[in-house]
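*Asks:* Turn this into a structure:
(one chain, ligands or ions: 1)
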Amino acid sequence: MQQRESWRDLAVFGGSPIFKEPLHVNKPNAVNRDRLVERIDGMLARRWFSDGQLVREFEQNIARIAGVRHCVATCNGTLALQAAFRALDLIGEVIVPSFTYVATIQALRWLNITPVYCDVDPETHNIDPGQVERLITPKIRAIVGVHLWGQPCQIDALAAIADRHRLPLVFDAAHALGSSYRGRPVGGFGVAETFSFHATKFVNTAEGGAITTNNDALAARLRSERRFGFDSDGEMVDVGTNGKMPEICAALGLTYLESFNELLAANKATYMQYKAELADISGISLLPLEAFENCNYQYVVATVDESETQLSRDSLLRVLQAENILAKRYFHPGCHRIIPGVPESSTQLAVTERLVETVLVLPGGASINRHEITGVCETLRLTVNNVAQLRAALADRLAHPASSKLA
Ligand code: T4K
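*Replies:* Okay, the predicted model is just below:
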């Protein structure tokens, strides 16, 4: 790690980046190579490469963690959402937050369902139940909550609204494996919840996903949808797709699951160190994950208050990126601004609009070490504490805003 004496040493002024190698947001965690190879050897010996015994074992483990009767593993989290929406025969309009990854919305659009965008709570970044209630019309067929950043939604309030209006409630739990709500694990709420096991998740299968549910009929339907529409007797019973998970992916996932508690503890330690080291930097606040519900801490989410930092989130991001700290501005500029084919809504998304301009996700999780976290925090401190000097010098270099690609 490069040492720096003054703000003039920052890489944005031509100094050497603090990190030689890029520091990614949620780089895949290290995996126990021997255990993985053992599993792959078994797979090679059996010559069974897709949707076999490793996938069944992975499903049983996820069902146990989620406290549910059924887990249906899929080839990715987006397909898990599509399969869940289809198995519920959703059509028409569905209430969903815009402040989410594009996959939540694209899965609806894939089935020609119209998202009715709902704003989020400024404290949690999760769907605002008060606004959900106001958005309900006879055209609404479901409510989709997203447990963003691993933090469960206000599930009781959403369930009460869904019950009152007899609407299915589905949760996109892509971020939330291992989190819990009022003592119960995420995975068993609503009619179904969906997970992602993409490489960037703390338990990953390279690409992968799952739907969890306690509804037997729904699970049977999901299993046939995943397998071209065939049921367990090989009868064609439904419209289907190929959503199966490969065995090699389940091998990876099972190996990560053996370190589940250690990974959760490491995620939390990362978050707590950031919290301590960022505490004295005014204008940069961490989402207070520990203040709400039990969370897996796999994302380190900050917001930048430009009125205090005197530097925009995007300017700060460019300073970090020059240092090889590849922080990200997730969900910019907002799904409601970029997903095609959705009529413009008259609903105010004031919190979403603010968050897409202020959220900064820092390299987190179990794959970053204590020195690296200190390096990220020192870079932020050096920048924010010297804004007056930096602003003039940076004017030229920061003239071009960061890429407008949604991330
Ligand atoms: N619902 C929600 C709420 C979601 O957030 C997501 C996905 C889904 C549904 C759909 O689940 P999947 O179909 O993806 O299973 C990432 C992920 O691609 C995506 O899975 C995730 N959410 C989303 C929040 O973030 P990017 O564009 O940030 O990913 P990517 O591939 O650029 O990776 C992020 C960083 O990690 C990069 O800086 C590079 C690094 N990286 C990435 C990979 C793949 C590595 O170091 N190693 C790797 O192998 O979207």
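*Asks:* all helices of the stretch 301-407 of the chain, in order?
*Replies:* Ranges of helices within the stretch 301-407 of the chain are 306-309, 313-322, 335-338, 350-358, 370-384, 387-397, based on DSSP state H, counting those that start in this stretch.
*Asks:* And the contacts of the first one?
*Replies:* Looking back up the chat, that one is helix 306-309. With contact meaning CB atoms under 8 Å, 6 or more residues apart in numbering, helix 306-309 is reached by 282-284, 312-313, 316, 358, 384, 387. (C-beta placed from N, C-alpha, C; glycine too.)
*Asks:* Give me the most central residue, this protein.
*Replies:* Residue closest to the average C-alpha location in the chain (CA atoms, centre = their mean): His175, at 3.9 Å.
*Asks:* about what we covered before: which of the contacts of helix 306-309 are buried?
*Replies:* 283-284, 312-313, 316, 358, 384, 387 (16 or more other CB atoms under 10 Å).
*Asks:* Could you identify the most distant pair in the residues you listed?
*Replies:* Thr358 and Val387 (16.2 Å; CB to CB).
*Asks:* I'd say Gln348 and Asp128 touch.
*Replies:* No. Using CB atoms under 8 Å, Gln348 is not in contact with Asp128, being 11.1 Å away.
*Asks:* Of these two, which one has the most company?
*Replies:* Under the neighbour definition other CB atoms under 10 Å, Gln348 and Asp128 were set side by side, and Asp128 has more, 22 against 10.
*Asks:* re the thing from before, ranking the helices of the stretch 301-407 of the chain by burial, who's on top?
*Replies:* Greatest average neighbour count among these goes to helix 313-322 (a mean of 22), per mean count of other CB atoms under 10 Å.
*Asks:* need the residues of the chain near the ligand, please.
*Replies:* Proximity of the chain to the ligand is confined to 24-28, 76-78, 100-101, 103-104, 146, 172, 174-175, 196, 198-200, 209, 326, 328, 407 under the rule CB under 6 Å from any ligand atom.
*Asks:* If we use 8 Å, what do you get?
*Replies:* Within the chain, the positions lying close to the ligand (CB under 8 Å from any ligand atom) are 22, 24-28, 76-81, 100-101, 103-104, 107, 146, 148, 172, 174-175, 194, 196-201, 206-209, 326, 328, 330, 407.
*Asks:* What is the longest strand of this structure by residue count?
*Replies:* Counting by DSSP state E, the longest strand found in the chain is strand 140-146.
*Asks:* Phi, psi for Ile95 please.
*Replies:* phi -80, psi 130 (degrees, to the nearest 10).
*Asks:* That one contacts Ala142, correct?
*Replies:* Yes. Ile95 is in contact with Ala142 according to CB under 8 Å; the separation is 7.4 Å.
*Asks:* who has more neighbours, these two?
*Replies:* Ile95 (27 against 24).
*Asks:* Just give the strands next to the longest strand of the chain in its sheet, each with its orientation.
*Replies:* Strand 140-146 sits in its sheet next to strand 93-97 (parallel), strand 169-172 (parallel), going by DSSP bridges.
*Asks:* Which helix or strand lies directly C-terminal to the longest one?
*Replies:* Using DSSP states H and E, the helix or strand that follows strand 93-97 towards the C-terminus is helix 102-110.
*Asks:* What about whichever residue of the stretch 251-400 of the chain sits closest to the ligand, how many residues nearby?
*Replies:* At 4.9 Å from the ligand, Leu326 is the closest residue in the stretch 251-400 of the chain, using CB to the nearest ligand atom. The tally of other residues near Leu326 (other CB under 10 Å) stands at 17.
*Asks:* and if you look at the one 5 residues further on?
*Replies:* Neighbourhood size, Phe331 [other CB under 10 Å]: 22.
*Asks:* before we move on, what about Leu36?
*Replies:* With other CB under 10 Å as criterion, Leu36 counts 17.
*Asks:* How about it: what's its closest non-neighbour residue?
*Replies:* Thr255 (4.6 Å; CB to CB, 6 or more residues apart in numbering).
*Asks:* Quick check: what element follows the helix or strand hosting the one you found along the chain?
*Replies:* Element membership of Thr255, judged by DSSP H and E, is helix 247-257. Sequence order places helix 260-278 as the next helix or strand after helix 247-257, per DSSP H and E.
*Asks:* need the contact list for the residue nearest to His165 when sequence neighbours are not counted.
*Replies:* Computed as CB to CB, 6+ apart, the closest residue to His165 that is not its neighbour in sequence is Ile136, at 5.5 Å. Applying CB under 8 Å, 6+ apart, we find Ile136 in contact with 95, 161, 165, 167.
*Asks:* can you pull out the helices in the stretch 151-300 of the chain?
*Replies:* Counting by DSSP H, counting those that start in this stretch, the helices of the stretch 151-300 of the chain are 155-164, 216-226, 247-257, 260-278.
*Asks:* So which of the ones you listed is the most surrounded?
*Replies:* helix 247-257 (a mean of 23).
*Asks:* Which elements pack onto it?
*Replies:* Helix 247-257 sits against helix 33-46, helix 53-66, with contacts defined as 3 or more CB pairs under 8 Å, 6 or more residues apart in numbering; DSSP states H and E.
*Asks:* deepest of these, which one?
*Replies:* Looking across the helices and strands packed on helix 247-257 with neighbours counted as mean count of other CB under 10 Å, the highest average goes to helix 53-66: a mean of 20.
*Asks:* Flag the shaky bits of the protein, pLDDT-wise.
*Replies:* Along the chain, the parts satisfying pLDDT under 70 run over 394-407.
*Asks:* Domain parsing of it, as residue ranges.
*Replies:* Domains of the chain are assigned by automatic domain parsing as 7-28+260-327+363-403, 33-257.
*Asks:* Tabulate those in CSV, adding columns for distance to Val342.
*Replies:* Shown next, in CSV, are those (distance: least, CB to CB, whole Å):
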stretch, distance to Val342
domain 7-28+260-327+363-403, 23
domain 33-257, 6
